[in-house]
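S.K.: Let me see the structure of the following:
(one chain, ligands or ions: 1)
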Amino acid sequence: MTKHIFVTGGVVSSIGKGLTSASIGMLLESRGLKVRMQKLDPYINVDPGTMSPYQHGEVYVLDDGSETDLDLGHYERFTSGPLTRDSNYTTGQIYLRVIEKERRGQFLGKTVQVIPHITNEIKEAISRVADSNTDVVITEIGGTVGDIESLPFLESIRQFRQDVGRDNCLFIHLTLVPYLKAAAEIKTKPTQHSVGQLRQIGIQPDILICRCEQSISREEREKIALFCNVELDAVIEELDKDFSIYEVPLSLRNNRLDELIMKRLHLSGHAPNLDAWDNIMYSLRNPKHEISIAVVGKYAEHKDAYKSIYESLDHAGISQFCQTRIARIQSSDIEEEGAERILAGYDGILIPGGFGERGVAGKIQAIRYARERGIPFFGICLGMQCAAIEFGRNVVGLERAQSTEFDKDTPNPVICLLDEQRNVTNLGGTMRLGAQPCSLVPETIAYTAYKSSSVTERHRHRYEFNNVYRTQFEAHGMKFSGLSPDGQLVEIIELPEHPFFLAVQFHPEFKSKPTCAHPLFSAFVAAAIQRHDGRKSRAASSPSMENTPVSG
Ligand code: GLN
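M.R.: Numbers count the residues shown, from 1 in each chain. Presented below is the predicted three-dimensional model:
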């Protein structure tokens, strides 16, 4: 019988439920259990695919092409169970399913209501991931307890526990225990209120995980236990981790969370094997190199807009004992101040994906700067399209090279709509999405990095390189090193004459893990290390040439 863990959050949002849920998943997997992760989001959008990155950060794409919440990125980075369309449901999807059933007459003339129809649909969504191959399903409930829109989800998990039995279900509540500087005290009242609210709707949490800036004393834990009606050993401290998020599972392990879960759910497994995670921490604490990478995007000020890219750069650093400092650079700043002023001193420049024309001019300036100065460059999706535009304008001589996304009537459409996109009118879930195969050309950066002639990577785009321009670009030194297996779609471009200039139409950042860095990110970081070390040794012989890296 599959066991279920439900993770709810209280007091404030952005409390780290995703990371904590992923850490619990990782700890259970380290004991040999088969875990599947799931997120239920209370918003009404059918999926986050049409939302601005300002809302919930990046849209995380799965192999099956579903566009999901960024917390699924944490799940994939921390755990290895499969994630599919069933791993992320929103209120919008639940209602859509119920309304479609109603239109088909499936409710046989009954009045369709939140209880039982919406709640049943939610319970079915939870059961769908509990297959016979799964020991534990961890379902994170988005939002904060007390939100009106979370109520149907909370009622559903309350019922779910009744359905599957108390021994098969665990409620974990993540809460904030703030430290008030003025009073020089930790405050437990918000947690008491939050648990009180959960109890009002019939959920008594089994375990409380307390996010805190200051360690919680035993006395305080006793107080929380008493007033929240949980046992003392079930009040678990989760101290802020400023050094690295990869410390979180190790610190929860130190606080014996995994032991407690195993006991409460009557699970059996071996002692946790955390060698791979200890190695991550060892590498992070003992760097041999240090580089600084500029990530130039439209949403640089939003820390989660390019979350998986930042993580992937860290992973590549971890695998090479390199501290990777990342500067989030607003592309519009380059438009205002020039590439030299903003980008001088970085060891590598990365342009992430994106939509719309704002900031594209700055990205193109950044790419030109990287290309002409021999700075390692990595372009992703829109980053690749901008690299093709830049090369078209400044190397091939196509003055008005442009994507038809930004100018439908350009005389030089080097980037144009994919054929399959020409008649698409609905925006949600209609891009070229998910895992697609890519064939690699031998003796290229891509081939050398992947050590393989064919790979599968995740996509999310409507535009592509226009094949009309392939021969012209090749004649000017661009290499098309990755193509769709039928040779029709350009997936990777590179410049062999440059120390490292590579751009991809797909999103490699969705397949990188702290325990297994993505080969293209590794190659990019290796090139940045080489540049950094080369500059350092040149500077040692001639100090005036030193160009101080700027840190973000
Ligand atoms: N806007 C571009 C397209 O739709 C790039 C998309 C992306 O970067 N994810 O093709």
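
S.K.: can you list contacts of stretch 230-249?
M.R.: Stretch 230-249 is contacted by residues 16, 19-20, 22-24, 26-27, 78, 174, 205-216, 221-222, 224-225, 228, 251-252, 255-257, 260, 274, 277, 280-281, 284, 514 when judged by CB atoms under 8 Å, 6 or more residues apart in numbering. The way it works is simple: take the backbone N, C-alpha and C, and place the C-beta from them, glycine included.

S.K.: Grab the longest helix from this structure for me.
M.R.: helix 519-541 (DSSP state H).

S.K.: any idea how far it is from the chain center?
M.R.: Per CA atoms, centre = their mean, to the nearest Å, the displacement of helix 519-541 from the mean C-alpha position of its chain is 26 Å.

S.K.: tell me which element the closest residue to residue 349 other than its chain neighbours falls in.
M.R.: Nearest residue to residue 349, sequence neighbours excluded (CB to CB, 6 or more residues apart in numbering): residue 370, at 4.4 Å. Assigning secondary structure by DSSP states H and E places residue 370 in helix 360-373.

S.K.: on that earlier part again, convert the C-alpha atoms of the longest helix of the chain to CSV, please.
M.R.: The C-alpha coordinates for helix 519-541 follow below in CSV (Å, rounded to 0.1, in the frame of the first residue of the first chain):
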residue,chain,number,x,y,z
PRO,A,519,27.2,18.3,-19.8
LEU,A,520,26.7,21.6,-21.6
PHE,A,521,26.7,23.6,-18.4
SER,A,522,29.8,21.7,-17.4
ALA,A,523,31.5,22.5,-20.7
PHE,A,524,30.5,26.2,-20.4
VAL,A,525,31.8,26.5,-16.8
ALA,A,526,35.0,24.6,-17.7
ALA,A,527,35.6,27.3,-20.5
ALA,A,528,34.9,30.1,-18.0
ILE,A,529,37.4,28.5,-15.5
GLN,A,530,39.9,28.4,-18.3
ARG,A,531,39.4,32.0,-19.2
HIS,A,532,39.5,33.0,-15.5
ASP,A,533,42.7,31.1,-14.8
GLY,A,534,44.3,32.3,-18.0
ARG,A,535,43.5,35.9,-17.2
LYS,A,536,44.9,35.4,-13.7
SER,A,537,48.2,34.0,-14.9
ARG,A,538,48.4,36.8,-17.5
ALA,A,539,47.7,39.3,-14.8
ALA,A,540,50.4,37.8,-12.6
SER,A,541,53.0,38.4,-15.4
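
S.K.: for that helix, packing partners?
M.R.: Judged by 3 or more CB pairs under 8 Å, 6 or more residues apart in numbering; DSSP states H and E, helix 519-541 is in contact with strand 289-297, helix 307-319, strand 322-330, strand 348-351, strand 377-380, helix 445-450, strand 501-504.

S.K.: mind running it again at 6 Å?
M.R.: Counting contacts by 3 or more CB pairs under 6 Å, 6 or more residues apart in numbering; DSSP states H and E, helix 519-541 packs against strand 289-297, helix 307-319, helix 445-450.

S.K.: count of residues packed around residue 270?
M.R.: Per other CB atoms under 10 Å, the neighbour tally for residue 270 reads 9.

S.K.: ok, it - contacts?
M.R.: Residues in contact with residue 270 (CB atoms under 6 Å, 6 or more residues apart in numbering) are 31-32.

S.K.: where does it land in three-state SS?
M.R.: coil (DSSP: H, G, I helix; E, B strand; the rest coil).

S.K.: Phi and psi next, for it.
M.R.: Reported as degrees, to the nearest 10, the phi and psi values for residue 270 are phi -80, psi 180.

S.K.: how much space between it and residue 31?
M.R.: As defined by CB to CB, to the nearest Å, residue 270 lies at a distance of 6 Å from residue 31.

S.K.: tell me which element residue 93 is part of?
M.R.: Short version, using DSSP H and E: residue 93 is in helix 91-103.

S.K.: Low-confidence ranges, this structure, go.
M.R.: 543-552 (pLDDT under 70).

S.K.: Flag every residue of it that's near the ligand.
M.R.: Within the chain, the positions adjacent to the ligand are 353-355, 381-382, 385, 405, 460-463 by CB under 6 Å from any ligand atom.

S.K.: Repeat the analysis, applying 8 Å as the threshold.
M.R.: With CB under 8 Å from any ligand atom as the criterion, the chain meets the ligand at residues 352-356, 380-383, 385, 403, 405, 415, 418, 431, 460-464, 505, 507.

S.K.: In contact with residue 66, which residues are there?
M.R.: residue 85.

S.K.: For it, give its distance to residue 85.
M.R.: 4 Å.

S.K.: about what we covered before: any chance of the helices and strands packed on helix 519-541 in a markdown table, with mean neighbour count and distance to residue 161 too?
M.R.: Converted to a markdown table, those look like this (neighbours: other CB atoms under 10 Å; distance: least, CB to CB, whole Å):
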| stretch | mean neighbour count | distance to residue 161 |
| --- | --- | --- |
| strand 289-297 | 24 | 43 |
| helix 307-319 | 25 | 32 |
| helix 445-450 | 20 | 46 |
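
S.K.: Any chance of TSV for these, columns distance to residue 146?
M.R.: TSV is the format used below for the helices and strands packed on helix 519-541 (distance: least, CB to CB, whole Å):
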stretch	distance to residue 146
strand 289-297	34
helix 307-319	26
helix 445-450	48
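
S.K.: so which of the ones you listed gets nearest residue 399?
M.R.: Taking CB to CB, strand 289-297 is the member of the helices and strands packed on helix 519-541 nearest to residue 399, at 23.2 Å.

S.K.: and that closest one, what does it pack onto?
M.R.: Judged by 3+ CB pairs under 6 Å, 6+ apart, the packing partners of strand 289-297 are strand 322-330, strand 348-351, helix 519-541.
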